[in-house]
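Q: 3D model of this:
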Amino acid sequence: MADETVTVETTRTPGRFIAGARQRFLVTDSTAGRGGPAEAWLAGELFLAALGTCAVSSVTHFAREEGTGLLDVSATTSYTRHPEDPGRYEIVELTVITQGVSQAAAEHLVKLYTENCPVFGTVSRGADVSVVVRAESAGPPVARTGSHVVRT
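A: Numbering: from 1, shown residues only. Below is the predicted model:
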């Protein structure tokens, strides 16, 4: 039996779908190139959102467990399609930005995420995944320093 299930169904609007999980619903669309309106979330965006959500959720969870001074965390995800293989992403990139912890602490929290998140684990074994970890201090924007790239 599956741990989680999401059902996606067509609607009467061509290229528009309803995704459902746990009695929660989300409207999704096909791209315009596939005949959809491309107004709601697209499949690739949902994929990226899952990766980013797991990162933010995991980092905040582990920060609470360890009692760090983490104030905020954000994740930005992107993909580049494979030029010769349209059914594959060539590169998936994840940038995690923390506030309130040192670069070393941020890297530790992201390492815990990459070791424990099944979304990341699945993606990283099927594509080249680049994870950029960047710690920022709280307050107004400052020059970004101390970037570190983790490659799996």
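Q: burial count for Arg134?
A: 19 (other CB atoms under 10 Å). For every residue, glycine as well, the C-beta is placed using N, CA and C.
Q: quick one, phi/psi of it?
A: Per-residue torsions, Arg134: phi -140, psi 120 (degrees, to the nearest 10).
Q: that one and Thr95 touch, don't they?
A: Yes: with contact defined as CB atoms under 8 Å, Arg134 reaches Thr95; the gap is 6.5 Å.
Q: ok, the residue lying closest to Thr114 once chain neighbours are set aside - contacts?
A: Distances taken as CB to CB, 6 or more residues apart in numbering put Phe120 closest to Thr114, at 5.4 Å, once the chain neighbours are dropped. For Phe120, the contact set (CB atoms under 8 Å, 6 or more residues apart in numbering) comprises 51, 54-55, 94, 113-114, 129.
Q: quick check, Phe120 in a strand?
A: No: Phe120: not assigned to a strand; according to DSSP: H, G, I helix; E, B strand; the rest coil it is helix.
Q: could you give the separation of whichever helix or strand Val123 is part of from the chain centroid?
A: Element membership for Val123, per DSSP states H and E: helix 118-126. Helix 118-126 sits 11 Å away from the centroid of its parent chain (CA atoms, centre = their mean, to the nearest Å).
Q: flag every buried residue along it.
A: 119-120, 123-124 (16 or more other CB atoms under 10 Å).
Q: quick one: the helices in this protein?
A: Assigned by DSSP state H, the helices in the chain fall at 43-66, 103-116, 118-126.
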